[in-house]
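Peer 1: sequence and predicted structure are below.
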Amino acid sequence: MNTHNHDVPREPATLDRRSALAALGLAGVGALAAGASAQPGSLPAPRVPAGAAPSGEFGPEAFGWDERAGQFTLPKLPYASNALEPVIDAQTMEIHHTKHHAAYVAGLNAALGELKRLREGRGDLSLVRHWSRELSFHASGHINHCLFWRLMAPAGRGGSPAGELATAIDRDFGSLDAFTAHFKAAAAQVEGGGWAWLVRDRASGRLWITQTEKQQDMFPTAASPVLGIDVWEHAYYLKYQNRRSDYVQAWMGLVNWRAAGELYEAVA
Ligand code: MN3
């Protein structure tokens, strides 16, 4: 069911899968953030009939938007915290999800709240730059992690590239092996905390591999995320310490290619 039930507290979202993904694809996290601070219903129109059941990995629950509260909430992990062992240990997953991801959600809600106060004349407009930076960092941190959890699956359960995405990988990188080598190098070489991303550039329709520093810096404006790996030390340090390349190598065995294919096709 796609309609939200007001009798159920903590119903996470009213976005259906298509509109949630369209928000990501058309305007990045800004569209979700605008929905949070402005009028509900300002998001792009769903491309599926209203009431159609969401399917796939990225239903409304994936992004934690609570329409009634007008805030984001921390989405549940789509699997148990030990489901990705031995590649990612349960303690790392729990800290990453309940501490780090939760902090991005809190920071995002705080930034949206402060910017609303400024618009209402109840704050210091000279702080717009500060709160805009907070919004960008925490909104990106939140969405990045929402995607990250669902772009992983227990080892052996994530399938392999298929359909349109597999065709595009061959077209744009030459082969899956060439893509993988490039992606792993990008992940290993992020300077400081950040991410490597497989993205679909909406101007050309082509796949690119990019790096982001922190949660958002260097992310190309017209890019839509397809696959991303978190290479902040908090993602791997308990098990891998300084051996980021070992983490990246092992992580490739967790990729949920069905979820990546869903993201790719959502921005066609
Ligand atoms: Mn992280």
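Peer 2: Great, that's in hand. Residues are numbered from 1 along each chain as shown.
Peer 1: list the backbone torsions phi and psi for whichever residue of the chain sits closest to the ion.
Peer 2: Going by C-beta to the ion, the ion is nearest to Asp230 of the chain, at 4.2 Å. (C-beta placed from N, C-alpha, C; glycine too.) When quoted as degrees, to the nearest 10, the phi and psi of Asp230 stand at phi -80, psi 120.
Peer 1: look up how far Gln189 lies from it.
Peer 2: For Asp230, the distance to Gln189 (C-beta to C-beta, to the nearest Å) stands at 15 Å.
Peer 1: and the two? which has more neighbours close in?
Peer 2: Asp230 (28 against 13; other C-beta atoms under 10 Å).
Peer 1: so that one touches Trp195, yeah?
Peer 2: Yes: with contact defined as C-beta atoms under 8 Å, Asp230 reaches Trp195; the gap is 5.8 Å.
Peer 1: need the overlap of contacts for these two.
Peer 2: Contact criterion C-beta atoms under 8 Å, 6 or more residues apart in numbering; residues shared by Asp230 and Trp195: Asn144.
Peer 1: show me which residues of the protein are close to the ion?
Peer 2: Residues of the chain found near the ion (C-beta under 5 Å from the ion) are 230, 232.
Peer 1: go again using 6 Å as the cut-off
Peer 2: Residues of the chain lying close to the ion by C-beta under 6 Å from the ion are 96, 100, 145, 230, 232, 234-235.
Peer 1: between those, which has the most around it?
Peer 2: Tallying neighbours with other C-beta under 10 Å puts Asp230 at the head of those, with 28 neighbours.
Peer 1: check contacts around it.
Peer 2: Counted by C-beta under 8 Å, 6+ apart, Asp230 has contacts 96, 144-145, 148, 195.
Peer 1: format the residues you listed as a markdown table; extra columns: secondary structure and pLDDT.
Peer 2: Formatted as a markdown table, these follow (DSSP: H, G, I helix; E, B strand; the rest coil; pLDDT from 0 to 100):
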| residue | secondary structure | pLDDT |
| --- | --- | --- |
| His96 | helix | 98 |
| Asn144 | helix | 98 |
| His145 | helix | 98 |
| Phe148 | helix | 98 |
| Trp195 | strand | 98 |
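Peer 1: relative to Asn256, which of those residues is nearest.
Peer 2: When those are compared for distance to Asn256 (C-beta to C-beta), Phe148 wins out at 10.2 Å.
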